[in-house]
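[1] Okay, sequence plus prediction incoming.
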Amino acid sequence: MAESVVFQPIVSRPPPLSETGLWHWARERLFGSVTNSLVTLICIYILYLLIPPMLSWAVFNANISGTDRSVCAANPGGACWTFIKVRFVQIIFGLHFGQHPEEVWRPVLGFAMLAGLFAWLLVPRTPYKVQVGLFTLFGFPFIAYALIQGEWLGLPIAPTNEWGGFLLTFTLASVGMVFALPLGIILALGRRSNLPIIRAISIAYIELWRGAPLITVLFMASVMLPLFFSHEIDLNKVVRAMIGISLFQSAYMAEAVRGGLQAIPRGQYEAADSLGLGYWKKMGLIILPQSLKISIPSIVNTYMTLFKDTSLVAIIGLLDLLNMAQTASRSLEWKGYDFEAYVFAASIYWVCTYSMSRYSQHIERKLDTSKRG
Amino acid sequence: MHLVKLMTGGLTALALATLPALGGTLDDVKARGFLKCGIDGGLPGFSAPNDKGQMVGIDADFCSGVAAAIFGDKTKVKFTTLTAKERFTALSSGEVDLLSRNTTATLTRDATLGIDFTYFNYIDGQGFLVKNSLGVKSAKELNGASVCVQAGTTTELNLADYFRVNGMTFKPIGYDTSVQTREGFDGGSCDVLTSDKSQLAAIRSELKDPAGATILPETISKEPLGPAVRQGDPQWRDIVTWTLYALITADELGVTSANVDEMKKSANPDIKRLLGVEDKMGENLGLTNSFAYDAVKQVGNYDELYQRSITPLGLKREGSVNALWTKGGLLYAPPMR
């Protein structure tokens, strides 16, 4: 008998040097053919034309010292971040907190708590994820409201109609998101219901709201609603805008969710029926978990649109992030620095929407149960 | 157009029908503990936030003055920023107690919107900004000119009226915002720019070459801007009107926020009545007799308001229509007695 041979795999050798590394990557991707090389060179040239002046304006040559425009006037070649610095609290938290900088800790603490909750949800293997998630959705908004508005905790009151800047943008968007999703799910189920009246109501609602531009809805909320309410109901403009945005977005959300529902094969419904599940159990246990997962990209898409659409409240005179930045750049003190204001506002919008996009990709990967690799 | 008129008519009727119980605005304000004031919020000189986040400008300061007159504390005011479209609904629906938002008083607004105008805190009018290279000294020489104008405003209508009445032709070039209008003028799309004169000075200062453009002397429209109140509460209207009159009277009598305490000892009976040392001017209005003293002490007289907010826009008060009647202007407050 020959000695038993134990299979010993040879450690695979690294690919040849010409097939790896930066050099290979550049040759393959950037200079693969004559056309590619040309395109690459043109792009590099364009970047060369754009980036150095931009960096010089925004970073190397920029002004940030001082507290008035004399600093920027002395060095007009660079960005005037002094303006943003002086108006920072105003642009982020609105006029109330701009006037009372000693109260700024309240919204800051609110945002910090929210960041903590998100971190809890994001980090793998933290316990009680479901409970924390539900708390973030339904408990935390009240805590944040109590903290920032102040009345319930006996702090100096910061009325909601004096919230502004990023705080307002964020609040409008979050309220819209929290209310639009459940409402949207109900509407989507209603639209696919077998009961004709419920189906008709859902279709009418969705088509009506989708058929009207958000600007119309906001005008309606700001100009018409106060006429219908009696004097005693003091719904301020921010609350009215929240109602308008939530109702409007729920119609879009319904269609996003319906897209997911339609992607579920009939067999799943029949399987649920044959198990003897009732309507709600069938939906809650079998259909919705699958369809919502499919809908994540379109739900997040709707969310991003909603986040950016909140800037439309400027037309009803609310000082959201964009309008606040714009107003600040029109003031006597800082007239002419609109570009800095827009760049600052745009970068905040970008950071927020990009984080949303990354988060949704993370969720998609986590929930992906398909057999792909 | 008829449909629009019908609808606005219907809405106004609806607005009037659903109006809150009238009267007692002063009691409401006192019970609430602060005044609700509607402002523009983004118009430097009239109302805009400063670096500290406070609303300042001649409109916003007037609101603070009314708060001082009622509560003896100018900080007891909450501002609501309103767009041009919302402002009248906000006032008639009770969302604000007082509208101080660079609003022109007109007959139609007064008669059909359920509001009342009080007096004027800034008298504006439409004018022209022209390039010096055009060599024009008067608006009457503008025949055939191309004019940059903000589209969809009364400014545009006044412009058409003015050229028609004077038998001249012009080429309108419309823009959506005032910034675009300025850029159009600066870039050479037109020879002339038209807007309210309070804006022209600011626009001129932002041009690439301010010295290359001149504001023509003509004023082609009347734009008396002033605070408005809900119709149907005479006491409240009196309070707002007379607070404004008090600020103008203080200007006339030389009473300023700096010397108001000294002035209390003045022998001048007009000053004594104004500051509540003599007679019961404030009580007659339903306020304390020191209402004018509080307002002047805390926000200043009319001239102080003007110098603080409007002068930095590049609009001198001396020799303008906004000077006192004693100095050749139009501001004239009835006697406080």
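    Okay, I see it.
[2] Break the chain down into its domains, please.
    Picking chain A for this. A:23-60, A:81-100+A:158-367 (automatic domain parsing).
[3] wait, chain B
    Using automatic domain parsing, the domain parsing of chain B gives B:2-123+B:224-327, B:132-221.
[4] Check the offset of the first one from the chain's centre.
    By that I understand domain B:2-123+B:224-327. 9 Å (C-alpha atoms, centre = their mean, to the nearest Å).
[5] per-residue confidence averaged over stretch A:100-118?
    For stretch A:100-118, the mean pLDDT works out to 93.
[6] Can you get me the centre-to-centre distance for it and its chain?
    Centroid separation for stretch A:100-118 versus its chain: 18 Å, with C-alpha atoms, centre = their mean.
[7] Likewise for stretch A:126-136?
    Using C-alpha atoms, centre = their mean, the distance between the centre of stretch A:126-136 and that of its chain works out at 20 Å.
[8] Low-confidence regions, chain B specifically.
    Scanning chain B for pLDDT under 70 picks out the ranges B:1-23.
[9] Which stretches in it count as helices?
    Per DSSP state H, chain B carries helices over the ranges B:2-17, B:25-32, B:58-71, B:87-92, B:107-112, B:154-165, B:178-186, B:197-205, B:234-253, B:260-263, B:269-274, B:281-285, B:291-299, B:302-309.
[10] Look up how far chain A lies from residue B:167.
    Here the criterion is C-beta to the nearest C-beta, to the nearest Å. By it, residue B:167 lies 38 Å from chain A. Heads up, the C-betas are built off the backbone N, CA and C, glycines and all.
[11] And residue B:318, by the same measure?
    20 Å.
[12] how many other residues sit next to the residue nearest to that residue when sequence neighbours are not counted?
    Computed as C-beta to C-beta, 6 or more residues apart in numbering or on different chains, the closest residue to residue B:318 that is not its neighbour in sequence is residue B:327, at 7.3 Å. When neighbours are counted by other C-beta atoms under 10 Å in any protein chain shown, residue B:327 registers 13.
[13] Hmm, residue B:321 and residue B:327 touching each other?
    No - using C-beta atoms under 8 Å, residue B:327 makes no contact with residue B:321, being 10.9 Å away.
[14] can you pull the contacts of the closest residue to chain A within chain B?
    Chain A sits closest to residue B:53 of chain B, with a gap of 2.5 Å, by C-beta to the nearest C-beta. Taking C-beta atoms under 8 Å, 6 or more residues apart in numbering or on different chains, we find residue B:53 in contact with A:89-90, A:95-99.
[15] Same question for residue A:220.
    Residue A:220 neighbours (C-beta under 8 Å, 6+ apart): residue A:244.
[16] State whether it is indeed within a helix.
    Yes - applying DSSP: H, G, I helix; E, B strand; the rest coil, one finds residue A:220 inside a helix.
[17] And the pLDDT at it?
    Per-residue confidence (pLDDT) for residue A:220: 87.
[18] and what of residue A:30?
    Note for residue A:30: predicted pLDDT of 84.
[19] which one is it nearest to, not counting chain neighbours?
    Per C-beta to C-beta, 6+ apart, closest to residue A:30 is residue A:40, 4.5 Å.
[20] Check the secondary structure at that neighbour for me.
    helix.
[21] What is the burial count for it?
    Counted with other C-beta under 10 Å, residues neighbouring residue A:40 total 15.
[22] That one touches residue A:34, doesn't it?
    No - between residue A:40 and residue A:34 there is no contact under C-beta under 8 Å: 10.8 Å.
[23] give me the number of residues near residue A:21?
    11.
[24] what's residue B:306 in contact with, if anything?
    Applying C-beta under 8 Å, 6+ apart to residue B:306 gives the contacts B:58, B:317, B:322.
[25] Mind doing that once more with 10 Å?
    Residue B:306 is in contact with B:45, B:58, B:61, B:121-122, B:251, B:300, B:315-317, B:320, B:322-323, B:331, counting by C-beta atoms under 10 Å, 6 or more residues apart in numbering or on different chains.
[26] pLDDT weak spots in chain A?
    Confidence mapping of chain A against pLDDT under 70 gives the ranges A:1-3, A:230-234, A:371-373.
[27] I'd guessed the residue nearest to residue A:30 sits against residue A:28; true?
    No - contact criterion C-beta atoms under 10 Å: residue A:40 and residue A:28 do not qualify, at 11.8 Å.
[28] Determine the set of other helices and strands touching the longest helix along chain A.
    Assignment by DSSP H gives helix A:338-367 as the longest helix of chain A. Secondary-structure packing of helix A:338-367 (3 or more C-beta pairs under 10 Å, 6 or more residues apart in numbering or on different chains; DSSP states H and E): helix A:81-86, helix A:88-93, helix A:105-122, helix A:165-191, helix A:288-309, helix A:321-330.
[29] quick one: contacts of the strand or helix carrying residue A:141?
    Residue A:141 belongs to helix A:140-149 when assigned by DSSP states H and E. Here helix A:140-149 makes contact (C-beta under 10 Å, 6+ apart) with A:93, A:96-97, A:103, A:105-111, A:113-114, A:117, A:132, A:134-135, A:151-153, A:155, A:157-160, A:162-163, A:167, A:171, A:174-175, A:178.
[30] Give me the buried positions along that helix.
    Neighbour-count burial for helix A:140-149 flags A:140-141, A:143-144, A:147-149 (criterion: 16 or more other C-beta atoms under 10 Å in any protein chain shown).
[31] go on, stretch A:78-92?
    For stretch A:78-92, burial by neighbour count (16+ other C-beta under 10 Å) applies to A:78-84, A:86-87, A:89-92.
[32] Would you tell me what helix or strand the residue of chain A found nearest chain B is located in?
    Here the residue of chain A nearest chain B is residue A:98; by C-beta to the nearest C-beta that distance is 2.5 Å. Using DSSP H and E, residue A:98 sits in helix A:95-99.
[33] Run the chain-centre distance for that helix.
    What separates the centre of helix A:95-99 from the centre of its chain is 25 Å, taken as C-alpha atoms, centre = their mean.
[34] Also stretch B:192-204?
    Averaging C-alpha positions (C-alpha atoms, centre = their mean) puts stretch B:192-204 16 Å from its chain's average.
[35] near chain A at all, it?
    Yes - Stretch B:192-204 reaches chain A (C-beta under 10 Å from any C-beta of the partner chain) through residue B:202.
[36] which ones are touching residue 69?
    Just so you know, I chose chain A. A:63, A:80, A:82-83, A:86, A:332-337.
[37] Sorry, I should have been clearer: chain B.
    Each residue near residue B:69 by C-beta under 10 Å, 6+ apart is listed here: B:35, B:239-240, B:242-244, B:246-247, B:282, B:285, B:287-288, B:290-296, B:298-299.
[38] same check, this time on residue B:68
    Contacts of residue B:68 (C-beta under 10 Å, 6+ apart): B:35, B:74-77, B:243, B:290-299.
[39] can you list contacts of stretch B:319-335?
    Against stretch B:319-335 from outside (C-beta under 10 Å, 6+ apart): B:58, B:119-125, B:197-198, B:219, B:222, B:224, B:241-242, B:244-252, B:270, B:273, B:302-303, B:306, B:310, B:315-318.
[40] What subset of the residues you listed is buried?
    Among those, those buried by neighbour count (16+ other C-beta under 10 Å) are B:58, B:119-125, B:197-198, B:219, B:224, B:241-242, B:244-252, B:270, B:273, B:302-303, B:306, B:310, B:315, B:317.
[41] Please give me every residue in contact with the nearest residue to residue B:105 once chain neighbours are set aside.
    Leaving out its chain neighbours, the residue that sits closest to residue B:105 by C-beta to C-beta, 6+ apart is residue B:117, at 3.9 Å. Residue B:117 is in contact with B:99, B:103-106, B:109-110, B:224-229, B:237, B:241, counting by C-beta under 10 Å, 6+ apart.
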